[in-house]
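Enquirer: Turn this into a structure:
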Amino acid sequence: MRKATRAQWIKFGIITLLYFAFLIWVKSWWGLIVVPFIFDIYISKKIPWGFWKKSKNPAVRGIMSWVDAIVFALVAVYFVNIYIFQNYQIPSSSLEKSLLVGDFLYVSKMSYGPRVPNTPLSMPLAQHTLPILNSKSYIEWPQWKYKRVPGFGKVKLNDIVVFNFPAGDTVATNYQQSDFYTIAYEAGQRVYPNKINMDSLTRDQQRTVYDLYYNAGRKQILSNPQMYGKVVIRPVDRRENYVKRCVGLPGDTLQIKDGQVYIDGKAIKNPEEMQFNYFVQTTGPYIPEEMFRELGISKDDQTLMTENLGWEEGLIEMGLDRRDAQGRLAPVYHLPLTKKMYDTLLGNKKLVSRIIKESDAFSGQMYPLNLYSGWTRDNYGPIWIPAKGATIRLTPDNLPVYERCIVAYEGNKLEQKPDGIYINGEKTDSYTFKMDYYWMMGDNRHNSADSRYWGFVPEDHVVGKPIVVWLSLDKDRGWFDGKIRWNRIFKWVDTIN
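Expert: So this is what the prediction gives:
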């Protein structure tokens, strides 16, 4: 072995100290097996790491130099994505007008503390599926238990948070943007289409009906791969990334009344750009495209209801019955509006005749899907958000609310028998939670698949906090027509209220 120079020992010492600091931070001593390799790279040089540099074949040197650079880049990106930050693109309008479709964000892993990955053997920059190959981007073994290393703080009320989709543990690959459990219940209700008067049933009888729907729907999905695609199970860190606003913290009691969120009986501050859906009827003419641009309503959010004759009767029942000179129903649009946008349209008396807020009849199925509660998206709860170490008494009324936390998120086996509830084989009437949970909602309150539909977000699903918008593209415009939203570039997310 050649004697190492002083410079080599200094480099080895610095790298080793930094690596030890990293291991202390992540609290993992398995990484010590890497130290001998670091020693060999800088000191002993027994392993010919750069063998290709001595090749007489220029093609080998050229190819291997690229391979060396690519491997180094992938390893660097892997660690940066896991422990420091990752890029995220806003895919839907659920947080408009706070975050817009086409916003590209830097998401800080350090804000809440990065998670040690559940699936460490994975391809960087691919969440769960490799492009082109359409195969899994990760290897299922080994799978590590949840561990979060220290960060700068914890999730606070009104924080915008990126997290793994809790209901994304099971996915029908042809319906990846939909909640598997909602799909199953809806499919089951089509199998058993006769309407049941749930008010006349006990909680146990209601649960039997919901179990019947779910099992029938699940069977239908599994037996129809041509329609639904393959059903796959995903680990926590390989589930889709969602971004919403935290409106409820562990231990809070949340309730929604007429669209206003209350925590422990007190109304919380609403986002300045919060939106609801409205039906807007004009005096006869169509709303010009220039006005939609000024208001900031994208083409995807513009629906002209009067183009579909099937809506006419329902629109008239809502009081949107104005007709033009030819006797046709005046144009009615379905639009998401902030208060400012609402006031602007309503103040234009020459163009707009009436605006009606979308009713709770459009809510759909709310969480929990197997509880007959009468809750809607605008009138929901009260519901207590689980906190780590807190104990609750389990009843027929609240078991559907917390069953998923107990079973799916905290890994217990729960059974309901004639004589009571059994958890991991032991009869009990209470449960103590192992994790904190959060309640996430979109600012676009009538166009957001959020906790009202699929429930709590466990702490082990929290990915990070968006810090800055580094690019913003408007898909409705061309490159020479304002496609780049220059006023949003390098806008700090914390300044968006």
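
Enquirer: Contacts only, for Ile43.
Expert: Shown in contact with Ile43 (C-beta atoms under 8 Å, 6 or more residues apart in numbering): Ala4, Gln8, Trp9, Phe12. For the C-beta atoms, the positions are set from N, CA and C on the backbone; glycine is no exception.

Enquirer: tell me the secondary structure for Tyr262?
Expert: strand (DSSP: H, G, I helix; E, B strand; the rest coil).

Enquirer: coming back round to it: could I have the buried ones of the contacts of Ile43 as ChimeraX selection syntax?
Expert: Filtering those down to the buried ones (16 or more other C-beta atoms under 10 Å) takes a single ChimeraX command:
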select :12
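
Enquirer: wait, isn't Trp375 in contact with Met366?
Expert: Yes: if you go by C-beta atoms under 8 Å, Trp375 and Met366 touch, sitting 4.9 Å apart.

Enquirer: Any chance you could list residues touching both of the two?
Expert: Each of Arg452 lies in contact with both Trp375 and Met366 under the rule C-beta under 8 Å, 6+ apart.

Enquirer: Now do the same contact list for Ser189.
Expert: Check again: residue 189 is Gln, not Ser. Gln189 sits next to Tyr213, Gly217 when contact means C-beta under 8 Å, 6+ apart.

Enquirer: Strands of the stretch 201-350 of the chain, residue ranges please.
Expert: Along the stretch 201-350 of the chain, the stretches classed as strands by DSSP state E, counting those that start in this stretch are 231-233, 241-248, 253-257, 260-263, 266-267, 276-282, 303-304, 332-337.

Enquirer: The ones you listed into a markdown table, with extra columns for mean pLDDT and distance to Gly389?
Expert: Listed next are these as a markdown table, based on pLDDT from 0 to 100; distance: least, C-beta to C-beta, whole Å:
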| stretch | mean pLDDT | distance to Gly389 |
| --- | --- | --- |
| strand 231-233 | 95 | 29 |
| strand 241-248 | 97 | 18 |
| strand 253-257 | 98 | 17 |
| strand 260-263 | 98 | 20 |
| strand 266-267 | 98 | 24 |
| strand 276-282 | 97 | 37 |
| strand 303-304 | 94 | 47 |
| strand 332-337 | 96 | 40 |
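
Enquirer: hmm, back to that, just curious, which of the contacts of Ile43 is nearest to Lys257?
Expert: Nearest to Lys257 among the contacts of Ile43: Phe12, at 63.7 Å, using C-beta to C-beta.

Enquirer: what about the closest residue to that closest one other than its chain neighbours, which SS state?
Expert: Nearest residue to Phe12, sequence neighbours excluded (C-beta to C-beta, 6 or more residues apart in numbering): Tyr42, at 3.8 Å. Following three-state DSSP, we place Tyr42 in the helix state.

Enquirer: cool, Trp439 as well?
Expert: Three-state assignment for Trp439 (three-state DSSP): strand.

Enquirer: could you measure it against Ile385, distance?
Expert: The spacing between Trp439 and Ile385, counted by C-beta to C-beta, to the nearest Å, is 5 Å.

Enquirer: higher neighbour count, the two?
Expert: Under the criterion of other C-beta atoms under 10 Å, the comparison of Trp439 against Ile385 puts Trp439 first, with 25 against 21.

Enquirer: If we ignore the residues flanking it in sequence, what's nearest that one?
Expert: Leaving aside its sequence neighbours, Trp439 sits nearest to Gly248 (C-beta to C-beta, 6+ apart; 3.0 Å).

Enquirer: The one you found and Tyr438 touch, don't they?
Expert: Yes: using C-beta under 8 Å, Gly248 is in contact with Tyr438, at 6.5 Å.

Enquirer: Show me the common contact partners of the two, please.
Expert: Ile385.

Enquirer: Which strand residues bridge the spatially most central residue of the chain?
Expert: Using C-alpha atoms, centre = their mean, the residue of the chain that lies closest to the mean C-alpha position is Tyr242, 2.0 Å off. Beta bridges link Tyr242 to Phe163, judged by DSSP bridges.

Enquirer: do the same with the one 4 residues further on
Expert: Legend: beta-bridge partners of Cys246 under DSSP bridges are Met440.
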